[in-house]
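Undergrad: predicted model and sequence follow; I will ask about them next.
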Number of protein chains: 2
Amino acid sequence: MSTDQADQRQSLPGLVAETRVAAKLLARLEATARNNALEAIAQAIETHVEEILAANAVDVTEAIAQALPTALVRRLKLDRHKVRDMAAGVRDVARLIDPIGVRHVRRRLAEDLVLERVTCPLGVLGVIFESRPDAVPQIVSLAVKSGNGVLLKGGTEALHSCTVLVEVIQSALMATVVPPAMVQLLTTRAEITELLGMEGNIDLIIPRGSNQFVRFIQERTRIPVLGHADGLCHLYVDRELPGEADLDMAVAIAVDSKTQYPAACNAIETLLVHRDIAPDFLPRVAAALTEQSVALRGCDRTRELVPSVVAATEADWATEYCDLVLAIRVVADLEAAITHINTYGSRHTEVIVTRDAQAAVQFRQDVNAAGVYTNCSSRFADGYRYGFGAEVGISTQVMPPRGPVGVEGLVTYKYHLVGNGAIIASFTGAAAQQFLHQDF
Amino acid sequence: MSTDQADQRQSLPGLVAETRVAAKLLARLEATARNNALEAIAQAIETHVEEILAANAVDVTEAIAQALPTALVRRLKLDRHKVRDMAAGVRDVARLIDPIGVRHVRRRLAEDLVLERVTCPLGVLGVIFESRPDAVPQIVSLAVKSGNGVLLKGGTEALHSCTVLVEVIQSALMATVVPPAMVQLLTTRAEITELLGMEGNIDLIIPRGSNQFVRFIQERTRIPVLGHADGLCHLYVDRELPGEADLDMAVAIAVDSKTQYPAACNAIETLLVHRDIAPDFLPRVAAALTEQSVALRGCDRTRELVPSVVAATEADWATEYCDLVLAIRVVADLEAAITHINTYGSRHTEVIVTRDAQAAVQFRQDVNAAGVYTNCSSRFADGYRYGFGAEVGISTQVMPPRGPVGVEGLVTYKYHLVGNGAIIASFTGAAAQQFLHQDF
């Protein structure tokens, strides 16, 4: 690397400019070229498994020495299996349908005047994530596939792991037509602050972390932010569960939605139960949840039916526990459940368990959330499970992209209009030419 | 109206809550019901043409008495023809394909577990616009069609016109199944400020007005804002125009793009000319533009070729004149033109005139703008001309919706997942069920 390059690397605007140029070149490449680059990355990860694990061991040792929380250390720690999964994940993304150059509109506006709407990359993404180093290959593969440059900032505790992963990826790209400069690792907090001010040069910020963290980012930038600011999901158990098996199903879904991974944003925080079914259902579900060490907090009616439940307060309805705690409320009807969800929910994923098809339709229609589920666990809300290969995050915003966001959410579109001298003056006045608006 | 209702109407949160309830009812309606309501609105506008014109005359008289700018008075003033166009515009929207309930994804994730992605309304829109009263039926018809509630705030100078139009629309809706409360008129500036703070209750803010105005709104809300903050468009005339006719075409496109409606956001502000063609092209285009009273400001090379042109400064490249003024710059090649556009452009609409297909492709690929045009006027960038029936605005953001935004930009989607007791626990561990991910 020449001194000039070294100097340039030290300023963030220089680095961003370099990434933009690389992204522009990447955006021009055919799908095959991008997919070949992904295969090269996957192979490089497999080849460099020892270096990756060695760097990760340094991070893990430091994290333990600093007495960082066990959950964090667990997320941080890689093993041979996880590294193999990284490579497999990159290949999954390579197999996805190309999201670039997809034509949504082809319309003849007039003779010799054709409008097309065609998908294209966003430009450069800024992704800020916490301790999980497997985020690096996942995000980079989505960026390569969608033709975007990407600036990554991982948690300080994962610095060695992220550094080696980015190095492995960049050297793998050297042997491909994808410019290695399309991916860059930022290493300081000061760079995040600077990045957030680079409106016009960074096209999308994707923060992955706690609610407070996402909100912190949102409040400090005018760049569009894709991020869930909360995952307060509900399970509503409707009246219409005629059989024993239906009650068992409802219990199984409640247990899975709460306990299968309580820290996930798609775990439920509140269970709503129709008052007619509460006497049958609540004692069963309470027993099953208690067996799984879930602490229960309930409304008055819940406590009448299951006396061991602790009293819930208003604050419970608005809390994302991220833990083995569940609030329970008995509601008068479907309408009351929907109102509760639309009041306290975070528009992430909401579930109804019912055998009443009409109730399921009304729930889907009236609940304002990215995911509206019937008779299944909330834990399915995930890009991989949806078949998106991977996700950059789950958006709880109302505007698209909404829900789990994969490559499709990392592209935008342009309107191409091709004429042969068409001017608007011909379409106005007495002898005005008429628009055809023929799709073909 | 009961006293209770009258009281509620006075607080904005009450009004918004009422609109949300109405929007929820509207969202449940079939396309036919929404289209019938649009026809009722169109008929009511035709029936009440005298009242509309009378109210408008009050606004116009006041505007003249207050010596408001002529351009504003012209936009404010309605006539029989314009009112007829309003009704026709509402019917155009009724004829559009229903944007709600469109299924984009249908995928079997596993046996008895089907994922669908289906479009749905956003919720409640807040639209803030300036003096043009024809915006009222246009926006309301897009809201009805897309199933959204809408709070309108027109310019003070159009208060009488907007009030009568909203009254006519609301009484027309009385006779339909669409709740009249889905549309509300706000009348004070204080209400805008309050509205901007209602995150979670207003889903999208659409400011229509000057750049400063749009920026003002963007800086004061955390609600998503759809708005062009600038319309700085370019026309690049490439080297490859082998015939006389091609040069004439380039001149006609330049004249149309600049003069057909200079105040429009899709008019060009800067003309870029390839240095090889500049000696042939610049004197011709300068003559044609000067004849149309366009003041020209050029770079040194432009002034060598056309001495009457005034010297341009750096500030000219960054200025949206909204007037009969055009900046001209001679560039070394296509790459230089693209760099100029990506530096100074506002990502709105950019035009290349060329007979070199490869140059057109590179321009489309590398220029970062919602519209990338070949051999036609920039003035086609408009929802009506694109066949969207009408538009709420033209977005220059990179993220979708981008460009002219019609009904399709006013919807979002939900993921429906329907199972029969599916839980994630079955998809993990040794005997894990596999995801199918079959689209059907």
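TA: That came through fine.
Undergrad: residues contacting residue A:391?
TA: A:142, A:382-384, A:404-406 (CB atoms under 8 Å, 6 or more residues apart in numbering or on different chains). For the C-beta atoms, the positions are set from N, CA and C on the backbone; glycine is no exception.
Undergrad: switch the cut-off to 10 Å
TA: Neighbouring residues of residue A:391 by CB atoms under 10 Å, 6 or more residues apart in numbering or on different chains: A:138-139, A:142, A:208, A:381-385, A:403-407, A:409.
Undergrad: then residue A:90?
TA: With CB under 10 Å, 6+ apart, residue A:90 has these contacts: A:37-46, A:137-138, A:140-142, A:144-145, A:169, A:172, A:389-390.
Undergrad: quick one: secondary structure of it?
TA: helix (DSSP: H, G, I helix; E, B strand; the rest coil).
Undergrad: quick revisit: restrict the contacts of residue A:90 to those near chain B?
TA: residue A:389 (CB under 10 Å from any CB of the partner chain).
Undergrad: of the contacts of residue A:391, which belong to strands?
TA: A:208, A:403-405 (DSSP state E).
Undergrad: the residues you listed into JSON lines, with extra columns for neighbour count, distance to residue A:105 and pLDDT?
TA: Listed next are those as JSON lines, based on neighbours: other CB atoms under 10 Å in any protein chain shown; distance: CB to CB, whole Å; pLDDT from 0 to 100:
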{"residue": "A:208", "neighbour count": "21", "distance to residue A:105": "33", "pLDDT": "86"}
{"residue": "A:403", "neighbour count": "30", "distance to residue A:105": "24", "pLDDT": "95"}
{"residue": "A:404", "neighbour count": "27", "distance to residue A:105": "26", "pLDDT": "94"}
{"residue": "A:405", "neighbour count": "25", "distance to residue A:105": "23", "pLDDT": "93"}
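Undergrad: got a markdown table for these, with distance to residue A:435 too?
TA: Below are the ones in strands among the contacts of residue A:391 laid out as a markdown table (distance: CB to CB, whole Å):
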| residue | distance to residue A:435 |
| --- | --- |
| A:208 | 45 |
| A:403 | 36 |
| A:404 | 39 |
| A:405 | 35 |
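Undergrad: pull the most distant pair out of those residues.
TA: Spanning the widest gap among the ones in strands among the contacts of residue A:391 are A:208 and A:403, at 15.2 Å by CB to CB.
Undergrad: hang on, the earlier thing: from the ones in strands among the contacts of residue A:391, which is closest to residue A:247?
TA: Nearest member of the ones in strands among the contacts of residue A:391 to residue A:247, counting by CB to CB, is residue A:403, at 29.3 Å.
Undergrad: can you pull the domain assignment for chain A?
TA: Annotated domains of chain A cover A:21-226+A:406-413, A:233-380 [automatic domain parsing].
Undergrad: would you turn those into CSV with distance to residue B:248?
TA: Output for these, formatted as CSV (distance: least, CB to CB, whole Å):
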stretch, distance to residue B:248
domain A:21-226+A:406-413, 16
domain A:233-380, 53
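Undergrad: so which of these gets nearest residue B:338?
TA: domain A:21-226+A:406-413 (9.4 Å).
Undergrad: so which of the ones in strands among the contacts of residue A:391 also contact chain B?
TA: Residues of the ones in strands among the contacts of residue A:391 in contact with chain B (CB under 10 Å from any CB): A:403-404.
Undergrad: residues of the helix or strand encompassing residue A:416 that come out buried?
TA: Secondary structure assignment for residue A:416, by DSSP states H and E: strand A:411-422. Using 16 or more other CB atoms under 10 Å in any protein chain shown as the test for burial, strand A:411-422 gives A:411-419, A:421-422.
Undergrad: now those residues in JSON lines, with pLDDT?
TA: JSON lines is the format used below for the buried residues of strand A:411-422 (pLDDT from 0 to 100):
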{"residue": "A:411", "pLDDT": "96"}
{"residue": "A:412", "pLDDT": "96"}
{"residue": "A:413", "pLDDT": "96"}
{"residue": "A:414", "pLDDT": "97"}
{"residue": "A:415", "pLDDT": "97"}
{"residue": "A:416", "pLDDT": "97"}
{"residue": "A:417", "pLDDT": "97"}
{"residue": "A:418", "pLDDT": "97"}
{"residue": "A:419", "pLDDT": "97"}
{"residue": "A:421", "pLDDT": "96"}
{"residue": "A:422", "pLDDT": "97"}
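Undergrad: helices or strands up against the strand holding residue A:416?
TA: strand A:103-110, strand A:113-121, helix B:244-259, strand B:349-353, helix B:357-366, strand B:371-376, strand B:403-405 (3 or more CB pairs under 10 Å, 6 or more residues apart in numbering or on different chains; DSSP states H and E).
Undergrad: so of the ones you listed, which one's packed in deepest?
TA: Ranked by mean neighbour count, the helices and strands packed on strand A:411-422 are led by strand B:349-353 with a mean of 30 (mean count of other CB atoms under 10 Å in any protein chain shown).
Undergrad: what's the angle from it to strand B:371-376?
TA: Here the directions of strand B:349-353 and strand B:371-376 differ by 30 degrees (axes from the mean of the first three to the mean of the last three CA atoms, to 10 degrees).
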